[in-house]
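Chemist: Sequence plus predicted model, see below.
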Amino acid sequence: MNSGVDLTDTLNADPATWKGSSLLSVTQITQDGLSLLVKTAKEMKILVREKGGDNRLAHRLLATVFYEASTRTSCSFQAAMKRLGGDVIHVDGGGNTSASKKGESLSDTIRCLECYVDMTVLRHPVTGSIGSVAEKSLKPVINAGDGVG
């Protein structure tokens, strides 16, 4: 992935390092950062089981932009956002909810969505495409898969 986003050891046990950061590669996560991620995931699992969720992301909007089919990945991000009180705008990059059919570039699509959302989850078939988008993005981008495999 060739982007201006630092892909080595930038997300650690300090929650401040995660706030407002894009997540493009596991190489960004330190060992302590991975421990924080697992701990938080366990807490979220208990929260959902016991209370169904909460409202910590109320008034926040997530864009899920998928140029490749993915039921589990897409639904897991959408469900997490909604269980934490936020909402989701889903864009089917290859379908009727994207202007890509009319020739709009990936960068233009993300730039447009940034006007509406707080963060974008992106899946795209071209290796490195998400890093290129994140480099220019003003809001955090999460890599939900780019390239083959």
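Modeler: Received the coordinates, thanks. Numbers count the residues shown, from 1 in each chain.
Chemist: And the most far-flung residue of the chain relative to its centre, how far from Glu43?
Modeler: The outermost residue of the chain, judged against the average C-alpha position, is Glu50 (25.5 Å), by Cα atoms, centre = their mean. Distance of Glu50 to Glu43, computed by Cβ to Cβ, to the nearest Å: 11 Å. To be clear about C-beta, it is placed using only N, CA and C from the backbone, and glycine gets the same treatment.
Chemist: Helices along this structure, start to end?
Modeler: 31-51, 71-83, 106-113, 129-136 (DSSP state H).
Chemist: Pick the most buried one from these.
Modeler: Mean neighbours per residue, mean count of other Cβ atoms under 10 Å, is largest over the helices of the chain for helix 129-136, with a mean of 21.
Chemist: Report all helices and strands that that one contacts.
Modeler: helix 106-113, strand 119-124, strand 141-146 (3 or more Cβ pairs under 8 Å, 6 or more residues apart in numbering; DSSP states H and E).
Chemist: for those, which one sits closest to Asp54?
Modeler: When the helices and strands packed on helix 129-136 are ranked by proximity to Asp54, the top entry is strand 119-124, at 18.0 Å, counting by Cβ to Cβ.
Chemist: mind showing which ranges of this structure have poor pLDDT?
Modeler: 1-6, 95-101, 148-149 (pLDDT under 70).
Chemist: still on that earlier bit, kindly reformat the helices of the chain as JSON lines containing distance to Ser25.
Modeler: Output for these, formatted as JSON lines (distance: least, Cβ to Cβ, whole Å):
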{"stretch": "helix 31-51", "distance to Ser25": "12"}
{"stretch": "helix 71-83", "distance to Ser25": "16"}
{"stretch": "helix 106-113", "distance to Ser25": "18"}
{"stretch": "helix 129-136", "distance to Ser25": "8"}
